[in-house]
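Asker: Give me a 3D structure for the following:
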Amino acid sequence: MQRMAIQYDITHTTVYRYKKPVTFGLHRVMFRPRDSHDLRVLATDLQVSPESFTRLIQDPHSNSVALVQPMGEATELRIVCSFTIEHVPAQQDQLALDPAAEFLPFAYSVQERLDLEHYLRPHHDDDANGTLIRWAHQFLHTDQPNSTREVLARMNAHIGQSLEYKARDEEGTQTPLQTLALGSGSCRDYALLMMEAARRLGIATRFVSGYLYDAALDRAAQAPGESMTGAGTTHAWLQAYLPGIGWLAFDPTNNLMGSGQLIRVGVTRDPAQAAPISGSWYGDAEAYDGLEATVVVTRRKG
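Answerer: Just a heads-up that it's a prediction; the model follows:
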């Protein structure tokens, strides 16, 4: 059955402030939602102050990236991206896996392994004591077959239930062992923890940055519902590649799987590659006066 397309308006605003005029180097901006069969970008607008030179490229993961070079001096750098998208939520959570991948452990085909190599290989090998492997194995049954989908669903739910969510404005991501030791983390820390744990079970995963639609924050929503964690700013989750389904989204922050509320922007093998904005400025070291970033996602009526 054809699922109804939903249209959203998205405005992503980032403001850097300085106590005295500074100049700026090149900034890399990854804000544009990622087109596919289930998501179409209908309209875009990028406004930058001060006046800037902008060009668009695709990175090695085929993410859309704007290279922005602000001109002249300023006490504020303001980047405002606006989009209208059409989203047809996929029913991946209801699709059947390839029979050979229904239970763990399973093997990808030779061709799949060639393409998935960087998503299968753990990127954080600082686990000499096997802490992360033991943590991942707690989701496996020892007395019955382990459904691939159910193991991932249990892990996805456990992270949000057992850890304390703490938003962080500073750049960077905690290692999985740091997140487990602290018992807390942000959405990107949760995503990386599940990515690395799933990779140790032989499942290919990748990091996803994007936006989260939260009806509780949408004044125009007819049925606001329960509030989501991580809305109002950029959000992070992961995708696992499951034969027969493809890339299936998991959001351990909100215990979502294959959800239409998740609007992807960038996909990468590691969180460090998915920074929404990165760049440089030149001036007095004490000039920096803070950052403000907001994301507003509203659903269009229709």
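
Asker: Quick check, central residue of this structure?
Answerer: Central residue of the chain (CA atoms, centre = their mean): Ser209, 2.3 Å from the mean position.

Asker: biggest helix in this protein by residues?
Answerer: Among all segments of the chain classified by DSSP state H, the helix with the greatest residue count is helix 148-162.

Asker: quick one: average pLDDT of it?
Answerer: Averaged across helix 148-162, the pLDDT comes to 95.

Asker: which helices and strands sit right next to that helix?
Answerer: Using 3 or more CB pairs under 8 Å, 6 or more residues apart in numbering; DSSP states H and E as the contact criterion, the neighbours of helix 148-162 among helices and strands are strand 103-104, helix 187-199, strand 235-242, strand 246-251, strand 256-257. Using the backbone N, CA and C atoms, a C-beta is placed for each residue, glycine as well.

Asker: got JSON lines for the ones you listed, with mean pLDDT, distance to Arg17 and mean neighbour count too?
Answerer: Supplementary listing: the helices and strands packed on helix 148-162 in JSON lines, determined by pLDDT from 0 to 100; distance: least, CB to CB, whole Å; neighbours: other CB atoms under 10 Å:
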{"stretch": "strand 103-104", "mean pLDDT": "94", "distance to Arg17": "49", "mean neighbour count": "18"}
{"stretch": "helix 187-199", "mean pLDDT": "96", "distance to Arg17": "24", "mean neighbour count": "26"}
{"stretch": "strand 235-242", "mean pLDDT": "96", "distance to Arg17": "24", "mean neighbour count": "25"}
{"stretch": "strand 246-251", "mean pLDDT": "94", "distance to Arg17": "31", "mean neighbour count": "22"}
{"stretch": "strand 256-257", "mean pLDDT": "90", "distance to Arg17": "34", "mean neighbour count": "20"}
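
Asker: And these: which comes nearest Ile79?
Answerer: Distance to Ile79, taken as CB to CB, is lowest for strand 235-242 among the helices and strands packed on helix 148-162, at 18.1 Å.

Asker: CSV for the helices and strands packed on helix 148-162, including distance to Pro176?
Answerer: Formatted as CSV, the entries for the helices and strands packed on helix 148-162 read as follows, by distance: least, CB to CB, whole Å:
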stretch, distance to Pro176
strand 103-104, 19
helix 187-199, 5
strand 235-242, 12
strand 246-251, 15
strand 256-257, 20
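
Asker: low-scoring stretches of the stretch 1-150 of the chain, by residue?
Answerer: Judged by pLDDT under 70, the stretch 1-150 of the chain has its weakly predicted residues at 1-3, 91-94.

Asker: Could I get the full set of strands for it?
Answerer: Along the stretch 1-150 of the chain, the segments classed as strands by DSSP state E, counting those that start in this stretch run 6-24, 27-29, 39-49, 52-58, 64-70, 74-87, 103-104, 146-147.

Asker: what packs against the third one?
Answerer: Translated: strand 39-49. strand 64-70, strand 74-87.

Asker: List the buried residues of that strand.
Answerer: Neighbour counts over strand 39-49 (16 or more other CB atoms under 10 Å) mark 39, 44, 46, 48 as buried.

Asker: Return the distance of His141 relative to Met155.
Answerer: His141 sits at a distance of 13 Å from Met155 (criterion: CB to CB, to the nearest Å).

Asker: Neighbour count: the two, which is higher?
Answerer: The neighbour count for His141 versus Met155, taken as other CB atoms under 10 Å, is higher for Met155 (22 against 12).

Asker: show me what contacts the closest residue to the more buried one other than its chain neighbours?
Answerer: What sits nearest to Met155 in space, not counting adjacent residues and going by CB to CB, 6 or more residues apart in numbering, is Phe139, at 4.9 Å. Contacts were defined as CB atoms under 8 Å, 6 or more residues apart in numbering; by that measure Phe139 touches 151, 154-155, 158.

Asker: could the residues you listed be laid out in a markdown table, adding distance to Trp135?
Answerer: What follows is those, written out as a markdown table (distance: CB to CB, whole Å):
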| residue | distance to Trp135 |
| --- | --- |
| Val151 | 13 |
| Arg154 | 12 |
| Met155 | 9 |
| His158 | 9 |
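
Asker: Looking at those residues, which is nearest Leu193?
Answerer: Once CB to CB is applied, the member of the contacts of Phe139 that ends up nearest Leu193 is Met155, at 9.1 Å.

Asker: picking up where we left off before, of all the helices and strands packed on helix 148-162, which lies closest to Asn146?
Answerer: Shortest separation from Asn146 across these is recorded for strand 103-104, at 4.5 Å, computed as CB to CB.

Asker: Could you dump the helices and strands packed on strand 39-49 into CSV and include distance to Leu97?
Answerer: As requested, the helices and strands packed on strand 39-49 are exported to CSV (distance: least, CB to CB, whole Å):
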stretch, distance to Leu97
strand 64-70, 30
strand 74-87, 24
